[in-house]
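Enquirer: the following block contains a protein sequence and its predicted model.
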Amino acid sequence: MVTDDVIEELRRIVGSDSVLASYEDLYCYSRDASWYSGMPEVVVRPHSTEEVSKVLKLANSLKIPVVPQGGRTNLTGGAIPIRGGIVIDMTGMNRIIEISKINMICIVEAGVVLGVLEKELAKHGLFWPPDPASTDSATIGGILAEGAGGLRGAKYGTTRDWVLGLEVVLPTGDVINTGSATLKWSTGYDLTRLFIRSEGTLGVITKAILKLRPLPEAIVRMTAFFNRLEDVGVAVGKVWEAGVVPLIMELLDRGAIRSVNSYLNLGLPDVEAMVIIDVDGVKGEVEKQASRVEKILMEAGAFDVKTALTKEEMDKLYLARRSAYPSLFRVFKKTAIPDDTCVPISKLPEALRRAKEISDKWGVYTIFIGHIGDGNMHPVFCVDVADPKEVDKALKCYEEICRMVLSLGGTIAAEHGIGIVKSKLIEEECGGKAMEIMKAIKRVFDPNNIMNPDKWV
Ligand SMILES: Cc1cc2nc3c(=O)[nH]c(=O)nc-3n(C[C@H](O)[C@H](O)[C@H](O)COP(=O)(O)OP(=O)(O)OC[C@H]3O[C@@H](n4cnc5c(N)ncnc54)[C@H](O)[C@@H]3O)c2cc1C
């Protein structure tokens, strides 16, 4: 329990202005982008690794739960302090410490917002490949702790492939450094990867060494239109089979298109499904690649493929994709429960068809906004969270889709983590023995179970 004495001690550690304990302040930290909530007892906003260490040492000695938070854009309830305790708001630790073009790395504090980093990197002609659609709010610490992916996952995978090392404060207050600022590294166990997608259950990430890439010289953006959702799955497979690696392939189905149109008045065509495709590379080559992709898509079932001819057109398409999920809240005035299942590309047509059938069976209005190029379908269930019957129905539909995906060799969590929403299902994917090992790892790092307790581990 957080007593007045604890709050006083926290004030001594981080300064009075950086400790929040009023109801109004605490309420702001009780939500993330999921539909769950839980009030912390106190919020601290540290400015340095040393302060994080002192906060954790104090919490550990008194067995007070601690939940690190970044931008609170988490979609699975992972950032919710369900047992009260201390929330550590990392957004004050937001320094970009180093950008090195020759080493192709940057070193940043965990609270740096990705959108801010992207702008700084662009000045050096560089970028960091992971790009969740929440770029303007999500922090590097949250992105790493979540193992987030994003639009460029088709070509670049997720966060785990783009982190070289971390500074982490353990629940005991000890500070460890994992990995190395080198492009290769094979010393001992890969603790860096252990912290990626640990969802704040093992320690607080305070710094990260990120691996960078040069910005592509040219990008061609296309849109392909389809009459049937499952044909999108076929087309994605054909693109991969042809040996083309697109930068992004993003699906918006009819529901998503209508939602974005009525939110932003973008005038996108009212079709069953559209896919936004980027191919990147050097000028001259990239155009050839694009016309190859266009041919493949037409042969694979698209009824039209258009190329964006101006920067404005390209930006409009990106805006459409990035706004698709937030637009649902505006348009339907309901909460959207996003699913994060992913299947091998060869199973995409079947998975899309069956996901739609399952949603229809449960009578849940479902919209597909997927990173479809990497098999990540993202059906989103539009329900009224104030109505427990609707939520119950949506969650049953969600579970059935997860089980269908597992039966196809897929995963229940491609990039949004487990959080609260999938804690019931994780064992079905990983198996009992693997869960035992995960729990044992948790005990090694966090014997008093103070870090983000009562979640999935
Ligand atoms: C509109 C929208 C679009 C999105 N699109 C995508 C997408 O395309 N791809 C994708 O992968 N995700 C997406 N997300 C989900 C979300 O943006 C990501 O999960 C993001 O990585 C979370 O970052 P954050 O800073 O908001 O973290 P938070 O939500 O604050 O925290 C996420 C988790 O990390 C832990 N945590 C936070 N900071 C630290 C730290 N420093 N050390 C240890 N643990 C920490 C928290 O305890 C929590 O468990 C989207 C979300 C929204 C709202």
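Expert: All right, it came through fine.
Enquirer: who in the stretch 351-457 of the chain is up against the ligand?
Expert: Residues of the stretch 351-457 of the chain found near the ligand (Cβ under 6 Å from any ligand atom) are 415, 416, 452. For every residue, glycine as well, the C-beta is placed using N, CA and C.
Enquirer: weed out the non-buried ones from those.
Expert: Buried members of these, counted by 16 or more other Cβ atoms under 10 Å: 415, 416, 452.
Enquirer: still on that earlier bit, of the residues of the stretch 351-457 of the chain next to the ligand, which belong to helices?
Expert: Among those, no member is found in helices (DSSP state H).
Enquirer: of the residues you listed, which is the nearest to residue 298?
Expert: Among those, residue 415 lies closest to residue 298 (Cβ to Cβ), at 29.9 Å.
Enquirer: got a list of what that closest one touches?
Expert: 132, 146, 147, 148, 149, 150, 153, 158, 340, 371, 376 (Cβ atoms under 8 Å, 6 or more residues apart in numbering).
Enquirer: what about the closest residue to it other than its chain neighbours, how many neighbours?
Expert: In space, and not counting its chain neighbours, residue 415 is closest to residue 149: 3.6 Å by Cβ to Cβ, 6 or more residues apart in numbering. Residue 149 has 27 neighbours, counted by other Cβ atoms under 10 Å.
Enquirer: next one: residue 149 from residue 244, what distance?
Expert: For residue 149, the distance to residue 244 (Cβ to Cβ, to the nearest Å) stands at 20 Å.
Enquirer: residue 289 too?
Expert: Going from residue 289 to residue 244 by Cβ to Cβ gives 6 Å.
Enquirer: just residue 351 next, same as before
Expert: Look at residue 351 and residue 244: by Cβ to Cβ, they are 21 Å apart.
Enquirer: with neighbour numbers in mind, choose between those two.
Expert: residue 351 (25 against 15).
Enquirer: check contacts around the more buried one.
Expert: Residue 351 makes contact with 233, 341, 343, 375, 377, 404, 405, 408, 410, according to Cβ under 8 Å, 6+ apart.
Enquirer: just the buried ones from those?
Expert: Buried members of the contacts of residue 351, counted by 16+ other Cβ under 10 Å: 233, 341, 343, 375, 377, 404, 405, 408, 410.
Enquirer: pretty sure the second one contacts residue 411?
Expert: Yes. At 6.8 Å, residue 341 and residue 411 qualify as touching, with contact defined as Cβ atoms under 8 Å.
Enquirer: now do the shared contacts for those two.
Expert: Residues touching both residue 341 and residue 411 (Cβ under 8 Å, 6+ apart): residue 405.
Enquirer: for the stretch 201-350 of the chain, what lies in contact range of the ligand?
Expert: Counting by Cβ under 6 Å from any ligand atom, the residues of the stretch 201-350 of the chain lying close to the ligand are 204, 205, 325, 326.
Enquirer: redo that, cut-off 8 Å
Expert: Within the stretch 201-350 of the chain, the positions adjacent to the ligand are 201, 202, 203, 204, 205, 206, 322, 325, 326, 340 by Cβ under 8 Å from any ligand atom.
Enquirer: of those residues, which belong to helices?
Expert: Within these, residues falling in helices by DSSP H are 322, 325, 326.
Enquirer: thought residue 137 was touching the first one, still the case?
Expert: Spelled out, it's residue 322. No. Here residue 322 does not reach residue 137: they are 11.8 Å apart, not a contact under Cβ under 8 Å.
Enquirer: more crowded one of those two?
Expert: The residue with more neighbours, out of residue 322 and residue 137 and counting by other Cβ under 10 Å, is residue 322; that gives 19 against 16.
Enquirer: neighbours of residue 288, how many?
Expert: 12.
Enquirer: which helix or which strand is home to it?
Expert: For residue 288, the host element (DSSP states H and E) is helix 285-299.
Enquirer: buried residues in the following helix or strand past that helix?
Expert: Per DSSP H and E, the first helix or strand lying C-terminal to helix 285-299 is strand 304-307. Buried positions in strand 304-307, judged by neighbour count with 16+ other Cβ under 10 Å: 305, 307.
Enquirer: and strand 304-307, how far out from the chain's middle?
Expert: Centroid separation between strand 304-307 and its chain, computed with Cα atoms, centre = their mean, to the nearest Å, is 29 Å.
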